[in-house]
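A.B. asks: Sequence isn't available, so here's the structure alone:
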Ligand code: NDP
């Protein structure tokens, strides 16, 4: 059996359309235009591409996009001053500081300074705590994208065994939390897990967020399982160029899984779409309106 391919590109396009519809309603009915501020420090090539895409898609959704590009040598105090200015600006509903930051800046101090209600990345400890205790929260975008894709296969995930490989604060832990909220039985695996292959084989839903190219082999997957591959790894090709692969050995997994996300074209496109959704959600909350998406 060949697995169903979960199309993240199409799903993200649909979500962006829904976001644009919600933005149009906010403008027409309430005179509100959501605004997203993105701060980029330095010129990391991957970050520059992400920020450019975020800017374009924010404008396409009908929102205001405020880009702040700072020199790599900017002091931490200057950066925190900018965040405080954005916190106080009523035209800014969401604030995102692109990671990674240069070594002389402490990312925790930066995240801590963002007003939790505007923390569209969901990394602030207040939002992490709210998510963990079941309160309404700003939730990290990539994990939300993973759940939306998994729910295309399992509208009701109650009782499924979910295994998350990876325990980072930005993907592994929040996605595990969201799976718990969906009533899955959740296992979080990491670099110290014993018999990782066996743990993965117990999963009805396997989420790979490791950052190691094609580490999860076909025979680690339970026949018929749903596989969500978060990994984005650039590996060399024979012709000297590079290509993107996930954390899952895709060709092997395709023959065993029931459904799988490709890389590229799976989780990746969902992240910005979910960021736009988060910005609309933040705007609604800040204006005392019910969430629209
Ligand atoms: P981190 O490096 O922060 O975390 C990786 C996790 O994988 C850690 O918890 C680590 O365990 C675990 N791990 C590493 N090696 C092994 C191993 N051999 N066996 C089992 N577990 C292992 O990565 P991120 O969570 O930030 O990202 C993960 C992947 O997702 C990356 O490829 C990244 O590029 C991609 N990504 C994609 C996004 C998207 O938009 N699609 C967004 C964010 C990330 P331990 O804690 O024990 O060290």
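C.D. replies: All right, it came through fine. All values reported here derive from a predicted model rather than from experimental measurement.
A.B. asks: Could you confirm whether the helix or strand hosting residue 12 reaches the ligand?
C.D. replies: Here residue 12 is covered by helix 8-30, with elements defined by DSSP states H and E. No - applying CB under 6 Å from any ligand atom, one finds helix 8-30 separated from the ligand by no less than 8.7 Å. (Glycine included, C-beta is placed from N, CA and C.)
A.B. asks: for that helix, which positions count as buried?
C.D. replies: For helix 8-30, a neighbour-count test (16 or more other CB atoms under 10 Å) marks 8, 11, 12, 15, 16, 18, 19, 20, 22, 23, 26 as buried.
A.B. asks: Let me see the mean pLDDT of it.
C.D. replies: Helix 8-30 carries an average pLDDT of 98.
A.B. asks: Residues in contact with it: which ones?
C.D. replies: Applying CB atoms under 8 Å, 6 or more residues apart in numbering, the contact partners of helix 8-30 are 32-34, 57, 60-63, 145, 148-149, 152, 261-262, 265-270, 272-274, 276-277, 280, 283-284, 287, 289, 292-293.
A.B. asks: And the residues you listed, which of them are buried?
C.D. replies: Among those, those classed as buried by 16+ other CB under 10 Å are 32, 34, 57, 61-63, 145, 148-149, 261-262, 265-270, 272-274, 276-277, 280, 283-284, 289, 292.
A.B. asks: which SS class is residue 169?
C.D. replies: coil (DSSP: H, G, I helix; E, B strand; the rest coil).
A.B. asks: can you tell me which residues contact it?
C.D. replies: Applying CB under 8 Å, 6+ apart, the residues near residue 169 are 123, 128.
A.B. asks: switch the cut-off to 7 Å
C.D. replies: residue 123 (CB atoms under 7 Å, 6 or more residues apart in numbering).
A.B. asks: same deal with residue 104?
C.D. replies: Applying CB under 7 Å, 6+ apart, the residues near residue 104 are residue 76.
A.B. asks: and if you look at residue 123?
C.D. replies: 111, 140, 169, 170 are the contacts of residue 123 under CB under 7 Å, 6+ apart.
A.B. asks: From those residues, pick out the ones that also neighbour the ligand.
C.D. replies: residue 170.
A.B. asks: can you list the residues of the stretch 101-250 of the chain near the ligand?
C.D. replies: Close to the ligand, as judged by CB under 6 Å from any ligand atom, the stretch 101-250 of the chain has residues 142, 165-168, 170-172, 189-193, 196, 209-212, 230-233.
A.B. asks: rewinding a little: can you tell me which of the buried ones among the contacts of helix 8-30 are in helices?
C.D. replies: Members of these lying in helices (criterion: DSSP state H): 57, 145, 148-149, 268-270, 272-274, 276-277, 280, 283-284.
A.B. asks: Pull the most distant pair out of those residues.
C.D. replies: 268 and 284 (26.3 Å; CB to CB).
A.B. asks: Tell me the gap between the helix or strand harbouring residue 50 and the middle of its chain.
C.D. replies: Residue 50 is located in helix 45-60, with elements delineated by DSSP H and E. For helix 45-60, the gap between its own C-alpha mean and the chain's C-alpha mean amounts to 14 Å (CA atoms, centre = their mean, to the nearest Å).
A.B. asks: and that helix, what does it pack onto?
C.D. replies: strand 35-41, strand 64-70, helix 268-286 (3 or more CB pairs under 7 Å, 6 or more residues apart in numbering; DSSP states H and E).
A.B. asks: show me where the stretch 101-250 of the chain has helices.
C.D. replies: 107-113, 125-132, 141-153, 172-181, 196-201, 250-254 (DSSP state H, counting those that start in this stretch).
A.B. asks: before we move on, the earlier item: and the helix holding residue 50 with the ligand, contact?
C.D. replies: No - judged by CB under 6 Å from any ligand atom, helix 45-60 and the ligand are separated, with a smallest distance of 8.7 Å.
A.B. asks: element containing residue 95?
C.D. replies: strand 94-97.
A.B. asks: hmm, who's touching that strand?
C.D. replies: By CB under 7 Å, 6+ apart, strand 94-97 touches 36-39, 83, 86, 110, 114, 118-121, 275, 278-279, 282.
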